[in-house]
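Student: What follows is a protein structure lacking sequence information:
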């Protein structure tokens, strides 16, 4: 990539140009979704942080997923809102690479977190007496630290490889920057980028699927052998995690699918909708799923809202 181009040349996001017809509507929607996501996520994180009874590995992992969604929405939605209001449809190459780095890092970290959460539930259901030894709060934080360091490290490598490329086409068929779209703008060979990116992606995906599927199956089998009340409680938690995990994989499929579609044979609106749905649905729905389906967290959330809206009502005990 030529040094001068880093400063003077911007990438045109074709997806943003396609959205200009209803730009004010999109701006209102993106801003509304962002504010709602941040407020709900902040309240849930605050509750987990301040409530001693929720200081357990499962809630630490849930908190990480929610914070991950806050970062993800902040990387994408505020810029989308500003671009819609200003009519600005370009992004600098530096800005594009930075956005791609954070989007990829957040995606990788969330995928690995789901794998660890699945294994955590297997330990909790399969080894209830030894679970406090197997998974402590300290070990949960260590797992998350390793996940984030690993995610940042591999994405730094991927983005640095992309930054070496010279760009011949400055029209990116997307509404935000990610590495796969960036590589399509390059003049020369991207074989090295494809090999490194695909290899790392396959490793992460296989690890996630193997650990998650193994853990979910083992947990389900164990549920069939334990008491009914314990089984229902375990299955409720398991289904909650499965919903969030399936939603994440569904969103990732949307993003990958658009790169496999022939742009000439498919409506531009499809290419516009897929990345938006693939990224925003996941980051906005996780707080809703965990807030509504995790009983202890839901009760604390309702209690918190009630205290804020009815400060003199003491009918609900602390």
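Tutor: In hand now; what should we look at? Here the structure is a predicted model, which is why all the values come from computation and not from measurement.
Student: chain center to stretch 80-87: distance?
Tutor: A distance of 23 Å separates the centroid of the chain from that of stretch 80-87, by C-alpha atoms, centre = their mean, to the nearest Å.
Student: If you count neighbours, what's buried in that stretch?
Tutor: Residues of stretch 80-87 classed as buried under the neighbour-count rule (16 or more other C-beta atoms under 10 Å) are 80, 81, 83, 84. Bear in mind the C-beta positions are built from the backbone N, C-alpha and C, glycine included.
Student: Then stretch 121-129?
Tutor: For stretch 121-129, the neighbour count (16+ other C-beta under 10 Å) marks 121, 122, 123, 124, 125, 126 as buried.
Student: same check, this time on stretch 166-173
Tutor: 167, 172, 173.
Student: ok, of these, which one's closest to residue 105?
Tutor: The nearest member of those to residue 105, counting by C-beta to C-beta, is residue 172 at 19.5 Å.
Student: Next one, pLDDT for the closest one please.
Tutor: Residue 172 is assigned 87 on the pLDDT scale.
Student: Quick check on it: phi, psi?
Tutor: Backbone dihedrals for residue 172, given as degrees, to the nearest 10, come out at phi -100, psi 120.
Student: again with the one 3 residues further on
Tutor: Here is the backbone geometry of residue 175 (degrees, to the nearest 10): phi -100, psi -10.
Student: what's the spacing between it and residue 30?
Tutor: Distance, residue 175 to residue 30, using C-beta to C-beta, to the nearest Å: 10 Å.
Student: Need the residues touching each of those two.
Tutor: Residues touching both residue 175 and residue 30 (C-beta atoms under 8 Å, 6 or more residues apart in numbering) are residue 80.
Student: wait, residue 144 sits on residue 61?
Tutor: Yes: in this structure residue 144 lies within contact range of residue 61 using C-beta atoms under 8 Å: 7.4 Å.
Student: and which of the buried residues of stretch 80-87 is nearest residue 17?
Tutor: For the buried residues of stretch 80-87, the residue nearest residue 17 by C-beta to C-beta is residue 83; the value is 10.1 Å.
Student: To which secondary structure element is that closest one assigned?
Tutor: Residue 83 is part of helix 57-86 when elements are defined by DSSP states H and E.
Student: tell me which residues in that helix are buried?
Tutor: Residues of helix 57-86 classed as buried: 57-77, 79-81, 83-84 (neighbour count, 16+ other C-beta under 10 Å).
Student: Give me the distance from that helix to the chain's centre.
Tutor: Relative to its chain's centre, helix 57-86 lies at 8 Å (C-alpha atoms, centre = their mean).
Student: name the helices or strands packed onto the very next helix or strand once past it?
Tutor: On the C-terminal side of helix 57-86, the closest following helix or strand by DSSP H and E is strand 90-92. If you count contacts as 3 or more C-beta pairs under 8 Å, 6 or more residues apart in numbering; DSSP states H and E, strand 90-92 packs onto strand 10-13.
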